[in-house]
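One predicted model, sequence on top.
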Amino acid sequence: MVDGARLIRSAKSGSDWTLNDLMAYNITVTPQSPEQFFRQNHGTLLEGVDPFLLNSSLDDENISDAVFEYLGHLDLATNATQASFIDAFAQKTLQILGFVERGLILTARHKIPLRICGDDQRVAETDVCLLDLRSMILLVLQEDKTVFGRSYPEPQVIAEAIAAYQYNNEKRLLRSLPPLDAMTIPCITMVGTRPIFYLVPVTEALSNAVATGQYPEAKTTVVNVSPL
């Protein structure tokens, strides 16, 4: 078994994180069942969604323009030849499920500053990010780009969660609010059109360990679920 404390920690952006970086910062990922993860009936997410979205195809003539647009994004993402197709589909899905409301906005390719190993010039770039315009980052999403010749998304999305913790606390200080000792950052990775949901508990100790390039004694356990 690899001893994470002996692994080399170096200043790198979130897009360069690998499974070795998770071990180097004492981070593990544990799968959960949908019932454990959501702690409620996850099927309620679909309440209020237009049934035509769930039971129609692009060939149906009686669907609205909005349904046609969403199904078009789904079609492009299902057989994606470009990463942007999956990003657009993910954004549309989050909008339809009610994640966006007044004061919140979805952005693509959002760069979050990441302090790591004494370097404050690195970033963690999300594919999709849900922002509270007044204060903080609420959710980050990273797609699986292995089909496009790039690396596995799980370490990257965890790096983005750590960057979000650092960013959110800086925003709190600017508003004369005390920094939080811990935040649980909800994250999503997309494997094609299939989501995997994560809850990433980021503590001050973990953030400081990343910022200074140290191995944290306390283990961080991230939980995830693939509901499909």
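In hand now; what should we look at?

residue ranges of the strands in this structure, please?
27-31, 104-108, 111-116, 119-125, 128-132, 137-143, 182-191, 194-203, 220-225 (DSSP state E).

In terms of mean pLDDT, which of those ranks lowest?
When the strands of the chain are compared by mean pLDDT, strand 137-143 comes last with a mean of 89.

Tell me which other helices or strands that strand touches.
Helices and strands touching strand 137-143, by 3 or more Cβ pairs under 8 Å, 6 or more residues apart in numbering; DSSP states H and E, are helix 83-96, strand 128-132, helix 153-174, strand 182-191. Every C-beta, even on glycine, is put in place using the N, C-alpha and C of the backbone.

Could you check how many residues crowd around residue 189?
Applying other Cβ atoms under 10 Å, we find 24 other residues in the vicinity of residue 189.

ok, now which ones touch the closest residue to it other than its chain neighbours?
Leaving aside its chain neighbours, residue 189 sits nearest to residue 153 (4.4 Å; criterion: Cβ to Cβ, 6 or more residues apart in numbering). Residues in contact with residue 153 (Cβ atoms under 8 Å, 6 or more residues apart in numbering) are 142-145, 189-190.

Can you add distance to residue 17 and give the helices and strands packed on strand 137-143 back as CSV?
What follows is these, written out as CSV (distance: least, Cβ to Cβ, whole Å):
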stretch, distance to residue 17
helix 83-96, 18
strand 128-132, 17
helix 153-174, 4
strand 182-191, 13
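
what about the closest residue to residue 201 other than its chain neighbours, distance to residue 168?
Closest residue in space to residue 201, ignoring its immediate chain neighbours: residue 184 at 4.9 Å, by Cβ to Cβ, 6+ apart. As judged by Cβ to Cβ, to the nearest Å, residue 184 and residue 168 stand 12 Å apart.

Those two: which has the busier surroundings?
Under the criterion of other Cβ under 10 Å, the comparison of residue 184 against residue 168 puts residue 168 first, with 20 against 15.

Tell me who's in contact with the more buried one.
Counting by Cβ under 8 Å, 6+ apart, residue 168 touches 135-137, 180, 183.

swap in residue 119?
residue 11.

does residue 188 really touch residue 138, like I thought?
No: in this structure, residue 188 is not within contact of residue 138 by Cβ atoms under 8 Å, at 11.9 Å.

Quick check on these two: which one has the bigger neighbour count.
A direct count of neighbours by other Cβ under 10 Å for residue 188 and residue 138 places residue 188 higher, at 22 against 15.

what about the protein, any weak spots by pLDDT?
40-47, 145-151, 228 (pLDDT under 70).

cutoff 50 now
148 (pLDDT under 50).

which ones are touching residue 165?
So residue 165 contacts 183, 185, 202, 207 (Cβ under 8 Å, 6+ apart).

go on, residue 95?
Residues in contact with residue 95, defined by Cβ under 8 Å, 6+ apart, are residue 106.

what does residue 13 give?
By Cβ under 8 Å, 6+ apart, residue 13 lies in contact with 114, 122-125, 159.

Between those residues, identify the one with the most neighbours.
Ranked by neighbour count under the definition other Cβ under 10 Å, the contacts of residue 13 are headed by residue 159 with 31 neighbours.

residues contacting it?
Here residue 159 is in contact with 13-14, 17, 21, 114, 124 (criterion: Cβ under 8 Å, 6+ apart).

Turn these into CSV, columns for distance to residue 74.
Shown next, in CSV, are the contacts of residue 159 (distance: Cβ to Cβ, whole Å):
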residue, distance to residue 74
13, 31
14, 28
17, 29
21, 33
114, 32
124, 28
